[in-house]
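Peer 1: Take this sequence and fold it.
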Amino acid sequence: MDLNFTAEQLEFRDQVRTWLEENRPPGLRPADAQGIREYDLAWQRTQWEGGWAGITWPSEYGGRGSTLAEQLIWYEEYAAHGLPSIDACFVGLSHAGPTLITRATPEQKSFHLPKILRGEVVWCQGFSEPEAGSDLASLRTRAEIDGDELVVTGQKVWTSFAASADYQELLVRTDASGTKHQGITWVVCDMRSPGIEVRPIRTMDGGAEFCEVFYDEVRVPLANVVGGLGNGWSVAMSTLAFERGTAFTASQVHLARIVEDLIDHARDHVGPDRRRPAIADDETARRLARARADVAALRAMTYAGICRSMQSDTPGPKGSMLKLHYSNLYKDVAALAMDIVGPEALRRGARHHGHDWVGNYLFAFSSSIGGGTSEIQRNIIGDRVLGLPR
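Peer 2: Predicted coordinates for the structure are as follows:
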């Protein structure tokens, strides 16, 4: 594994940095659902018009067709400019799009992929249910076949951006006669279909991006099935592999920036004793050094993952190691930030080095849940990476 960048890759970095500096969206991102949708779609259209949309997508599907090294450079510069790594376009670009590329029919690809890249639609994910979160295969939302349609009845929960989404990657049970991993089907659901009710969930960080979604005999064309009836578990694992692998690269790079900004803050502000800079405290300095070292380890793991991905079109189970380490580290860094910034972080609207430390702290807890809990990641690592007995 070569961690050095070539001259061509360094030139590519300069191109990315210059374009982002000249085209990054102005102003703060809105907090309301409709404002977020308009802001994020406009930014996606800007990337499309500039030739930077779908940095991870093959060129034959309208993407940039960049190498994995170039993708890493893009994510590093993207995070360095303070742009959100997860926005309303995330599911379409990093979940649904890559899944459709690898598993969908030509007709499904030609209809959906251009709309995602051009910033015309928002996607959401309908996987988790009240009693099927970590144990996703226990899902109960059912779909009865009626002619050339599926009739869907059930409930999903923790569906990000459902209130403003146009389409949903939806898992339903079309056959209950086999094991719980059998009889699941992955379908594209039009969120404007009759019978769908969306209820936003207010979270402790003040946001309402998560939603409950209820389906009351919602009709979905059989033509919207991806990967074939009953093959949804395999398709879903492809989706989650993208989420646990390359999709969070930007988030990992953003975490490295948070640590460096926190070190700068500790140098410039007094610590808990109110007499010296925070970094002069030995324990604070030790925790910051450990955070920086852990970020370096995460980056090395990311580079190693990218090298592995060069050998396969779909990220493998080792992506769970990245997901697990990132989730733990994010929570540790968020807690460290609160200790260093102190009560000042609680002041309404307070931002230091461009960060909302309280918001980061509260949101960090979701990192060990979304995309599969840390417990599930440990199971995957033990079973599929280490080959440990069940």
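
Peer 1: what's the spacing between stretch 295-310 and its chain's center?
Peer 2: 17 Å (C-alpha atoms, centre = their mean, to the nearest Å).

Peer 1: average pLDDT for it?
Peer 2: Across stretch 295-310, the average pLDDT comes to 78.

Peer 1: And stretch 193-208, by the same measure?
Peer 2: Averaged over stretch 193-208, pLDDT sits at 86.

Peer 1: May I see the buried residues of it?
Peer 2: By 16 or more other C-beta atoms under 10 Å, the buried positions in stretch 193-208 come out as 196, 198, 200, 205, 207. (Glycine included, C-beta is placed from N, CA and C.)

Peer 1: so the second one bridges to which residues?
Peer 2: With DSSP bridges as the criterion, the beta-bridge partners of V198 are V213.

Peer 1: thinking again about what came up before, can you add secondary structure and give the buried residues of stretch 193-208 back as JSON lines?
Peer 2: Listed next are the buried residues of stretch 193-208 as JSON lines, based on DSSP: H, G, I helix; E, B strand; the rest coil:
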{"residue": "I196", "secondary structure": "strand"}
{"residue": "V198", "secondary structure": "strand"}
{"residue": "P200", "secondary structure": "strand"}
{"residue": "D205", "secondary structure": "coil"}
{"residue": "G207", "secondary structure": "coil"}
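
Peer 1: among the residues you listed, which two are most distant?
Peer 2: Maximum pairwise distance in the buried residues of stretch 193-208, criterion C-beta to C-beta, is 26.1 Å, between I196 and D205.

Peer 1: can I assume R287 is in contact with L336?
Peer 2: Yes: between R287 and L336 there is a contact under C-beta atoms under 8 Å: 5.4 Å.

Peer 1: could you pull out the strands for the stretch 251-390 of the chain?
Peer 2: For the stretch 251-390 of the chain, strands defined by DSSP state E, counting those that start in this stretch do not occur.

Peer 1: what bits of it have low per-residue confidence?
Peer 2: The stretch 251-390 of the chain contains residues with pLDDT under 70 at 307, 309-316, 347-354.

Peer 1: domains of the protein?
Peer 2: The record assigns the chain these domain ranges, following automatic domain parsing: 7-87, 123-230, 245-385.

Peer 1: how about those, which one is nearest A104?
Peer 2: Taking C-beta to C-beta, domain 123-230 is the member of the domains of the chain nearest to A104, at 5.1 Å.

Peer 1: next one: the closest one to chain centre, how far?
Peer 2: The answer for domain 123-230 is 18 Å, by C-alpha atoms, centre = their mean.

Peer 1: tell me which residues in stretch 130-143 are buried?
Peer 2: Under 16+ other C-beta under 10 Å, the buried positions of stretch 130-143 are 132-133, 136-137, 139, 141-143.

Peer 1: Most widely separated two among those residues?
Peer 2: G133 and A143, at 19.8 Å, using C-beta to C-beta across the buried residues of stretch 130-143.

Peer 1: Does anything pack onto the longest helix anywhere in the chain? Which helices or strands?
Peer 2: The helix that spans the most residues within the chain, counting by DSSP state H, is helix 282-309. Other helices and strands packing on helix 282-309, by 3 or more C-beta pairs under 8 Å, 6 or more residues apart in numbering; DSSP states H and E, are helix 68-80, helix 249-268, helix 319-341.

Peer 1: Centre of the chain to it, how far?
Peer 2: Relative to its parent chain, helix 282-309 has a centroid offset of 20 Å by C-alpha atoms, centre = their mean.
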